[in-house]
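>>> sequence and predicted structure below; questions after.
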Amino acid sequence: MTVYIIGAGPGDPDLITVKGRRLIQTCPVVLYTGSLVPRALLQDTAPDAFIADTSSMNLDEIIGHMKAAHDRGQDVARVHTGDPMIYGSTAEQMRRCDALGIPYQVIPGVSSYAAAAAALSQELTLPELSQTVIISRCEGRTPMPEGEDLVALAQHKATLVLFLSVAMIKKITRQLRPLLGDDCPVAIVYKATWPDQLILRGTLENISAQVTDAKITSHSIIIIGRVLGTTDFAESRLYASDFSHGFRKAKVEESLT
Ligand code: SAH
């Protein structure tokens, strides 16, 4: 018996791994995390599978279902939105499983930040502009550890990706404008890959008004940084004609041989 902790992807039911889909179809117990897991993924479960939305359960109740399945010798598909290893509250479930001797395995998923970048056709790392992506969130009910406040992170001038924070966009832009400039580009992707996906593009100066107008308060990824929308970046060395690597010899070298 195993609890499979499965990433369901960002919303489009085709954006789950083959392995994750197969496990949802075959496990006799399916526990999923509520509104952000696409219902289409739960349509071809085993005919007599026990299926439950855990959004109204506390941790003890969720673990109770896993323990009961373990006692019956039944596999569990534990389905989380996006990738389960980021803002997934999965570590606490794995810790409880460890304590109870319940085996588990993690099946990765397409995180919503990757889906947001794809929706924008935006590479988050561009040569000589930003080679670093900082993934974070603003303080909500979960307090931020020391040194991880937004202004401290933004000092790096790297591409910033914020989960769980669109309701605080006013505060975010107020904090970052003095540091990154009023014209620093911002993109917000609401419900990436869902039929009602919405993309907002603007700057630290005007994005907050757009969010208010669109009445967006949740389910969004915020991306902030100079990589957004620019065509003014160096080409990578990977495809440079004078650059050799394991799979390709440089043109210059070739002409010498
Ligand atoms: N593990 C998930 C994140 C869960 S936390 C992942 O890897 O994506 C929930 C937050 O994720 C939301 O508040 C929102 O910030 C983001 N999110 C999840 N699905 C999203 C989607 N389809 N589009 C935009 N943001 C999404």
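Noted; the coordinates are in hand.
>>> wait, does stretch 67-82 contact the ligand?
Yes: residues of stretch 67-82 contacting the ligand under C-beta under 6 Å from any ligand atom: 80-82. For glycine as for every other residue, the C-beta is placed from the backbone atoms N, C-alpha and C.
>>> what does that stretch rub up against?
1-10, 20, 23-24, 26-33, 36-37, 41, 65-66, 84, 88, 90, 93, 100, 102, 104, 109-113, 115 (C-beta atoms under 8 Å, 6 or more residues apart in numbering).
>>> contacts only, for residue 52.
So residue 52 contacts 30-32, 65 (C-beta under 8 Å, 6+ apart).
>>> can you list contacts of whatever helix or strand residue 99 lives in?
Element membership of residue 99 [criterion: DSSP states H and E] is helix 91-100. The contact list for helix 91-100 (C-beta under 8 Å, 6+ apart) reads 3, 5, 59, 62-63, 66-67, 70, 78, 102-104.
>>> ok, those residues vs residue 227, which is closest?
Using C-beta to C-beta, residue 5 is the member of the contacts of helix 91-100 that sits closest to residue 227, with 31.7 Å.
>>> any idea how far that closest one is from residue 27?
Plainly put, residue 5 is 12 Å away from residue 27 if you go by C-beta to C-beta, to the nearest Å.
>>> the helices in this protein, which residues?
18-26, 59-72, 91-100, 112-119, 150-154, 169-180, 207-214, 251-256 (DSSP state H).
>>> out of the ones you listed, which gets nearest to residue 161?
Once those are compared by C-beta to C-beta, helix 112-119 is nearest, at 4.9 Å.
>>> ok, that closest one near the ligand or not?
Yes: judged by C-beta under 6 Å from any ligand atom, helix 112-119 comes into contact with the ligand through 112, 115-116.
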